[in-house]
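A.B. asks: Just a sequence and a predicted model for now, questions to come.
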Amino acid sequence: MSGVRLLVGTKKGAFVLTADGRREKWTVEGPHFGGWEIYHVAGSAADPDRLYASQTSGWFGQLIQRSDDGGKSWAAVGKEFLYDGVPGTHQWYDGTPHPWEFKRVWHLEPSLDDPDTVYAGVEDAALFRSTDGGASWHELSGLRGHGSGQWWQPGAGGMCLHTIVLDPTDSRRMYVAISAAGAFRSEDAGATWKPINRGLVSKYELPDPNAEVGHCVHRIAMHPSRPRVLFMQKHWDVMRSDDAGESWQEVSGNLPSDFGFPIAVHAHEPETVYVVPIHSDSEHYPPEGKLRVYRSRTGGGEWEALTRGLPQRDCYVNVLRDAMAVDKLESCGVYFGTTGGQVYGSTDGGDHWSPIVRDLPAVLSVEAQTLP
């Protein structure tokens, strides 16, 4: 029977949660790297046993961890990053003068077909690639070389490249999102980049309604069967593009708030989308203190609140941008983690929820692997 592995990064370590295809009973392993911030744990689509983790500390710096046995054991790779706090002196940067400073890895995105190839989105915003399982890294400098960097600015969490989306039908096409710069697309495997922000409106941050860059994008999602259709959770507004980001239209519809961080697409229904609204950009908790996932079966515009099994009073947690995921089982599972340390799961596309684990450290990321 197929199974599911959830990879959970938290403020104080990484956890690996596993269940069989019924997803009724879960085992919890961890914390791995206890006491360290694990911004993201990602599994390879090409090899389910290959995992990568971003381990960081303001005191000790950045380290990449790799597992070749599904999280049972780990080995540090790229060790030169551990104590090196001087920007421009290691392989993350090309040595050219710039105002950027390397602080941490926010997001890891393994290649779809090669377990040794993995991309890293970092703060300050830049994109890197490793082709040797994380042992060495090289910047894809065309992104910062685009020429628009002077208009990039930090979001509340820093100037981070937090989303990397790979096109499963074209290995040369990829998307990234930066807070606060916007979304960018490459058609040549990351050599050159084009801003794709037409239709985004950021009236509080950008007085120019036609600004090419500077938008605070929180997350981008795609269904693999329709790689030109993108969904976006922005600083304000939920957006949709049907032309690979060339233009965007708002689909916030009847949401109680169009501010939030994560966005995800159902594994088998390309028009079914999930978001978790929070009250505002200064009040990072659910509207009315009710934890509700919202689902649209129409690709946005019309949304329904999913509440069964979720706390509907006195709940003031947040769900961060990398903390929502779906599995690929026949009855699609949907999962999310909260800053209160809970991980919730639904085995029926969001109709019913139950806590998988409680009282973890604040959850930073959740990834779902469907196991053979």
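C.D. replies: Now that the structure is in, tell me what you want to look at. Numbering: from 1, shown residues only.
A.B. asks: how much space between the residue nearest to the spatial centre of the chain and residue 298?
C.D. replies: Centroid-nearest residue in the chain: residue 322, 3.4 Å away (criterion: Cα atoms, centre = their mean). Computed as Cβ to Cβ, to the nearest Å, the residue 322 to residue 298 distance reads 26 Å. The C-beta positions use only the backbone N, C-alpha and C, and glycine is treated the same way.
A.B. asks: and if you look at residue 257?
C.D. replies: Using Cβ to Cβ, residue 257 is found at 19 Å from residue 298.
A.B. asks: same check, this time on residue 172
C.D. replies: Counting by Cβ to Cβ - residue 172 and residue 298 are separated by 31 Å.
A.B. asks: Sheet partners, orientation included, of the helix or strand containing residue 42?
C.D. replies: Taking DSSP states H and E as the definition, residue 42 sits inside strand 37-43. Strand 37-43 sits in its sheet next to strand 51-57 (antiparallel), going by DSSP bridges.
A.B. asks: chain center to the very next helix or strand once past the partner strand, what's the gap?
C.D. replies: Where DSSP H and E defines the elements, the next helix or strand beyond strand 51-57 is strand 61-67. Its chain's C-alpha centre and that of strand 61-67 lie 18 Å apart, by Cα atoms, centre = their mean, to the nearest Å.
A.B. asks: For strand 61-67, which strands pair with it and how are they oriented?
C.D. replies: Here strand 61-67 has these sheet partners by DSSP bridges: strand 51-57 (antiparallel), strand 75-77 (antiparallel).
A.B. asks: out of the ones you listed, which comes closest to residue 29?
C.D. replies: With Cβ to Cβ as the measure, strand 51-57 is the member of those nearest residue 29 (11.9 Å).
A.B. asks: Give me the residues contacting the closest one.
C.D. replies: Strand 51-57 is contacted by residues 7, 9, 14, 32-33, 36-44, 62-67, 70-71, 74, 104-108, 110, 118, 120, 134 when judged by Cβ atoms under 8 Å, 6 or more residues apart in numbering.
A.B. asks: repeat for stretch 183-201
C.D. replies: By Cβ under 8 Å, 6+ apart, the surrounding residues in contact with stretch 183-201 are 119, 127, 129, 140, 142-143, 146, 148, 171-178, 182, 209, 211-213, 215, 217, 220, 232, 234, 237, 239, 241, 244-249.
A.B. asks: now do 7 Å
C.D. replies: 127, 129, 140, 142-143, 146, 148, 171-177, 182, 209, 212-213, 215, 217, 220, 234, 239, 244-249 (Cβ atoms under 7 Å, 6 or more residues apart in numbering).
A.B. asks: Tell me where the model's unsure across the stretch 101-250 of the chain.
C.D. replies: The stretch 101-250 of the chain contains residues with pLDDT under 70 at 204, 207, 209.
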